[in-house]
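Asks: Sequence below, structure please.
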Amino acid sequence: MAMMRLRREDPRVMGAFRLHRRLGAGGMGVVYLGSDRRGQRVALKVIRPDLAEDHEFRARFAREVSAVRRIRGGCTARLVAADLDASRPWFATQYVPGPSLHDKVAEQGPLSAAETAAIGAALAEGLVAVHEAGVVHRDLKPSNILLSPKGPRIIDFGIAWATGASTLTHVGTAVGSPGFLAPEQVRGAAVTPATDVFSLGATLAYATLGDSPFGQGSSEVMLYRVVHEEPILRGTPSALAPLLRACLAKSPQERPSTLQLASRLKEIAAREARGTAPAPRPRPRPGGAAPSAPPQQLRSPRAEPAAPPAGRPSPVPRPAARRPAPVPARRGGDRGLLRQRLIVFVVVTVLVALGIALAQGCQGPV
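Replies: A predicted model of the protein is given here:
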């Protein structure tokens, strides 16, 4: 959330809190960053001076405080303190660090299907707690969702109302943000939990598209499109498009409940998270080309055998034949000695035979 310096007209102290920065301003008042003596940081909302004497706005401000106090769970910022009887009524909630969904998309672009589904599941669970408290937010939009490290938080219950109340403060005047209002709000019909489901669907569509599903234009044009035209979801991830279209149904009875929405978004988030994980390395198939080796294998000094041509079966590897053990050098020496002895024996035998023959020739015949 962007912070701005205090202006000259801004108060420096409200109740037990010292104010440090401006966090934002709206139609009802200004939100400041403050802290108490213990250093606890709060977001302190103060009603505008020109509206402080308006009993209608005081009542509306008191309803916001009552709504925040009644809601249980971690989907909203916890109420810390309030003073509704001050000359400028104010209340302080726990400060939620982190950008709004609007700022995140504006700075980083549309979110992935997995991230959008995870945020949507947490918000749907938060709306369950809001509706169980008998409250309808009526102004759910990207700028009213803060993305804290502990999960998304719903803020700004300034126009929240009890279930079944009318959406009009004055005749013919719809309260809320064009492009995120439900058709029944534009018509002035009673609000129900399904009203927040429509706004959540438009908010999640914004997260994936970077724009309202009803485009841009004047307030009158946007309100007409919400009532009479279908949302533009071209570019929305296919995993989310059917569910978002159901949320944006014109009839409240055709929209899913917050419990159904939370369950379905959890399933989509888990499936999309698995789908974005790196795929396992494929195994080589017979007759197919061998997969490319990872870097550590490419650096190996041992040469890999070439892959067989396509269409031929891969040769079945056979165990390497054992080499005969080397003959000791001593056996080679024995063979040489035997050969020498054989030669000597033959020579001696020949000589002996010649000697006998000569001796017989000298003696003559017997």
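
Asks: For the chain, which segments are assigned as helices?
Replies: 55-70, 101-108, 113-132, 183-187, 193-209, 219-228, 241-247, 258-275, 295-298, 329-363 (DSSP state H).

Asks: which of these sits most buried?
Replies: Mean neighbour count, computed with mean count of other CB atoms under 10 Å, is highest for helix 193-209 among those, reaching a mean of 25. (Glycine included, C-beta is placed from N, CA and C.)

Asks: sorry, back to before: same list, the helices of the chain, but as TSV with mean pLDDT and distance to residue 81 please.
Replies: Below are the helices of the chain laid out as TSV (pLDDT from 0 to 100; distance: least, CB to CB, whole Å):
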stretch	mean pLDDT	distance to residue 81
helix 55-70	85	10
helix 101-108	95	27
helix 113-132	95	21
helix 183-187	95	31
helix 193-209	97	27
helix 219-228	94	35
helix 241-247	97	36
helix 258-275	94	30
helix 295-298	41	59
helix 329-363	67	100
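
Asks: Tell me which of these lies nearest to residue 140.
Replies: Closest of those to residue 140 is helix 193-209, at 3.8 Å (criterion: CB to CB).

Asks: Pull the CA coordinates from that closest one and hand them back as PDB.
Replies: Listed in PDB are the C-alpha atoms of helix 193-209, where the atom choice follows Å, rounded to 0.1, in the frame of the first residue of the first chain:
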ATOM      1  CA  PRO A 193     -24.500 -13.300  -0.200                       C
ATOM      2  CA  ALA A 194     -24.900 -14.000  -3.900                       C
ATOM      3  CA  THR A 195     -24.200 -10.200  -4.400                       C
ATOM      4  CA  ASP A 196     -20.700 -10.600  -3.100                       C
ATOM      5  CA  VAL A 197     -20.200 -13.800  -5.200                       C
ATOM      6  CA  PHE A 198     -20.900 -11.700  -8.300                       C
ATOM      7  CA  SER A 199     -18.400  -9.100  -7.200                       C
ATOM      8  CA  LEU A 200     -15.800 -11.700  -6.400                       C
ATOM      9  CA  GLY A 201     -16.200 -13.300  -9.900                       C
ATOM     10  CA  ALA A 202     -15.600  -9.800 -11.500                       C
ATOM     11  CA  THR A 203     -12.600  -9.300  -9.200                       C
ATOM     12  CA  LEU A 204     -11.000 -12.600 -10.100                       C
ATOM     13  CA  ALA A 205     -11.700 -12.000 -13.800                       C
ATOM     14  CA  TYR A 206      -9.800  -8.700 -13.400                       C
ATOM     15  CA  ALA A 207      -6.900 -10.600 -11.800                       C
ATOM     16  CA  THR A 208      -6.600 -12.800 -14.900                       C
ATOM     17  CA  LEU A 209      -7.400 -10.100 -17.600                       C
END
